[in-house]
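Trainee: I'll drop the sequence and a predicted model, then ask my questions.
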Amino acid sequence: MDKLNFLTAGVPLRAKGYEEGFQVLNNMGLDGLELEFVRGVRISDKSREAVSASKKVITAHAPFYVNLNAREEDKVEASVQRIIETAETANELGGYSITFHAAYYLDMDKEIVFKQVEKQTKIITDALAKTGNKIWVRPETTGKGTQWGDLDEIVRLSKEFETVLPCVDFSHLHARYNGISNTYDEFCAIFDKIGSELGQNAIENFHAHIAGIEYGAKGEKKHLNLEESDFNYKDLLKAFKTFDVKGAIVCESPNIEDDAKLLKDYYYSL
């Protein structure tokens, strides 16, 4: 990408539907949105037309009913299919990137879980390659220790596949480790790791989630508005600027468009 874009996680709250939502984004100077396929990959023909015509940056989040490490094989297969469907739909609509919460450990050895996620990711990327779909497929860093997806795991997985890169949810990392990953130096270390291990292409095609967040000893509890949280978004944006990161920041705060605007305005004030 040629710049850093600021997106809302779903249709702006002050809008009814995609068409009006894109008008709100235009009025606020925001760059696009993430399609939120929460319970299934469904979007009406009218909404498809609005998304396709928007000329905005589009990402997509696969349904939450995904666990590539489920004990039941039919659940694994259904999870794989949901991710493929998300990628297919996003690609049809001119999407840039998709993301998903990949798996749960289920009290299993982490190396065994990694191999299972790796196996299913190959199935996903092979299926997409057969149709010429090269959209970025991105497992997301997760907010609880019971969920597969710390930064090391996702960077390691990304090394194995041409079309796989991380979706770094900085708020999840902050919550996962009960309050760390919240300083300028820590944020810079994340970008340095990704750039060093995955190359400059990963820095220039970034996908991030940001929100205020409430957390406890077991990690993430819920999203908050940025100014109601201890999440240090200002130092994070300084790190984005230092590394000249390009791509998409998706705001997942409860007041999605207002905090997305807050993020963009602060970034461009630096």
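Mentor: Cool, got the structure.
Trainee: what's the helix or strand containing residue 139 packed up against?
Mentor: Element membership for residue 139 (DSSP states H and E) is strand 136-139. Packing partners of strand 136-139 (3 or more CB pairs under 8 Å, 6 or more residues apart in numbering; DSSP states H and E): strand 97-100, helix 110-130. For the C-beta atoms, the positions are set from N, CA and C on the backbone; glycine is no exception.
Trainee: mind checking how far that strand is from the chain centre?
Mentor: Relative to the centre of its chain, strand 136-139 is centred 8 Å away, using CA atoms, centre = their mean, to the nearest Å.
Trainee: Alpha carbons of it, as CSV, please.
Mentor: C-alpha atoms of strand 136-139 as CSV (Å, rounded to 0.1, in the frame of the first residue of the first chain):
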residue,chain,number,x,y,z
TRP,A,136,-3.8,-11.5,2.3
VAL,A,137,-4.8,-14.2,4.8
ARG,A,138,-4.0,-13.1,8.4
PRO,A,139,-4.4,-14.9,11.7
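Trainee: rewinding a little: next, format the helices and strands packed on strand 136-139 as JSON lines and append distance to residue 263.
Mentor: Shown next, in JSON lines, are these (distance: least, CB to CB, whole Å):
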{"stretch": "strand 97-100", "distance to residue 263": "18"}
{"stretch": "helix 110-130", "distance to residue 263": "30"}
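Trainee: and of those, who's closest to residue 258?
Mentor: Smallest distance to residue 258 across the helices and strands packed on strand 136-139 (CB to CB): 22.3 Å, for strand 97-100.
Trainee: contact partners of stretch 263-270?
Mentor: Contact with stretch 263-270 is made by 4, 6, 29-31, 210, 226, 233-234, 237-238, 240-241, 249, 251, as judged by CB atoms under 8 Å, 6 or more residues apart in numbering.
Trainee: buried set for it?
Mentor: Neighbour-count burial for stretch 263-270 flags 263, 264, 267 (criterion: 16 or more other CB atoms under 10 Å).
Trainee: Need the phi and psi values for the last one.
Mentor: Which is residue 267. phi -60, psi -50 (degrees, to the nearest 10).
Trainee: Could you report the separation of it from residue 15?
Mentor: For residue 267, the distance to residue 15 equals 23 Å [CB to CB, to the nearest Å].
Trainee: re the thing from before, ok, the contacts of stretch 263-270 vs residue 111, which is closest?
Mentor: Nearest member of these to residue 111, counting by CB to CB, is residue 210, at 30.5 Å.
Trainee: There's contact between the closest one and residue 234 in this structure, I believe.
Mentor: No - if you go by CB atoms under 8 Å, residue 210 and residue 234 don't touch, sitting 11.3 Å apart.
Trainee: Looking at these two, which is more packed in?
Mentor: residue 210 (26 against 14; other CB atoms under 10 Å).
Trainee: returning to what we had before: most surrounded residue in the contacts of stretch 263-270?
Mentor: residue 251 (29 neighbours).
Trainee: which residue sits closest to that residue, ignoring its sequence neighbours?
Mentor: residue 260 (3.8 Å; CB to CB, 6 or more residues apart in numbering).
Trainee: For the one you found, pull up the helix or strand it's in.
Mentor: Per DSSP H and E: helix 256-269 holds residue 260.
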